[in-house]
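In: I'd like to go over a predicted model; first the sequence, then the structure.
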Amino acid sequence: MTPGQRAEALIAEFGISSPSELDVEAIACDAGMDVRYEQLDGCEATLVGVNNQAIATIRPSGNRGRERFSASHELGHWIMHRGKSFRCRVDDQSANLASDATLEKEADSYAAHLLMPRYLFDPAIRSGTKIPTFKHIGEVAQAFEVSVAAAIIRMAEVDSLPIIVACYDGRGIRWRAFAPHVPRRWRLVQTLHEDSFAYDIVNGVESKQCSGKQEAAAWFSNDDAESFEVHENAMPSRPGEILVMLYLSDTEMFESPFERRSEGRYQDNPSFGRRSR
């Protein structure tokens, strides 16, 4: 079983039917892990276990969503990586997307599925308007007590809508996540284009969330990007960082022909609209 499957199987055992019932500390206690909130130096969380009992210590952040993610992350380590001790430096899934830490990513996946199980999260995301907005995602994130970043990453994973999410700073892209049926031939720009809303935010022209139609050429380096439009949502995230969500509303972006990449390989482009569920 994958980390996500293991987390959702555990949630199913409890018969949880709403986000309000996702009591992370109680779930952890049932698994033999005691969650404590204490000040820590140099890390966000630690995990120490002996035999069938463990203690996860979480640094209080004042942000309940981040604390819950940290606790769920440590539970993932306890369930999947028992026998090891951990000092984790991040409290949000998005930070590990920019790294190659395999065990950390596995614990992140476990935490995301535990806090946002598909059978509860997918209907909540779909209950909004056709074109997703950060306002609606923020409402969903609040209901599940997670960060907006964690919610949009999970939204891409469950493949509810044809979206790409990414994080940029002034130097360029930090991480990205594609909905599985968005063609991988679409190559995100490495640095923000001056025509994008995100560029205006990172450079202080705008100070809050912006959204609207945008030429795809502002976001993709493909030669044919100028033929399409996307819907861009951009908002400030951590200091100096911008969260971006691109909604691919043009169905022809899923039907474009094969394109030869620079390394000589071809990438298939399945149509989101023809996908069977």
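Out: Good, I have the coordinates.
In: CA atoms of stretch 36-48 as PDB?
Out: Taking C-alpha atoms only, stretch 36-48 is exported to PDB below (Å, rounded to 0.1, in the frame of the first residue of the first chain):
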ATOM      1  CA  ARG A  36       2.900  17.000  22.700                       C
ATOM      2  CA  TYR A  37       3.200  20.700  21.900                       C
ATOM      3  CA  GLU A  38       6.500  22.200  23.300                       C
ATOM      4  CA  GLN A  39       9.100  24.700  22.200                       C
ATOM      5  CA  LEU A  40      11.900  23.200  20.000                       C
ATOM      6  CA  ASP A  41      15.200  24.500  18.700                       C
ATOM      7  CA  GLY A  42      16.300  24.000  15.100                       C
ATOM      8  CA  CYS A  43      13.300  21.900  14.000                       C
ATOM      9  CA  GLU A  44       9.500  21.900  13.800                       C
ATOM     10  CA  ALA A  45       8.900  18.400  15.200                       C
ATOM     11  CA  THR A  46      10.600  15.400  16.700                       C
ATOM     12  CA  LEU A  47       9.700  11.800  16.900                       C
ATOM     13  CA  VAL A  48      11.100   9.200  19.400                       C
END
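In: tally of neighbours for the residue nearest to K84 when sequence neighbours are not counted?
Out: Spatially, and ignoring its direct neighbours in sequence, K84 is nearest to H77 (7.2 Å; Cβ to Cβ, 6 or more residues apart in numbering). Just so you know, the C-beta spots here come from the backbone N, C-alpha and C atoms, and that holds for glycine as well. Residues lying near H77 (other Cβ atoms under 10 Å) number 25.
In: what's the answer for D200, then?
Out: 17.
In: again, but for the one 4 residues further on
Out: Other residues within reach of G204 by the criterion other Cβ under 10 Å amount to 7.
In: in three-state terms, label it for me.
Out: coil (DSSP: H, G, I helix; E, B strand; the rest coil).
In: if we can go back for a sec, and the residue nearest to K84, what is it in contact with?
Out: Applying Cβ atoms under 8 Å, 6 or more residues apart in numbering to H77 gives the contacts 47, 84, 86, 88, 103, 107.
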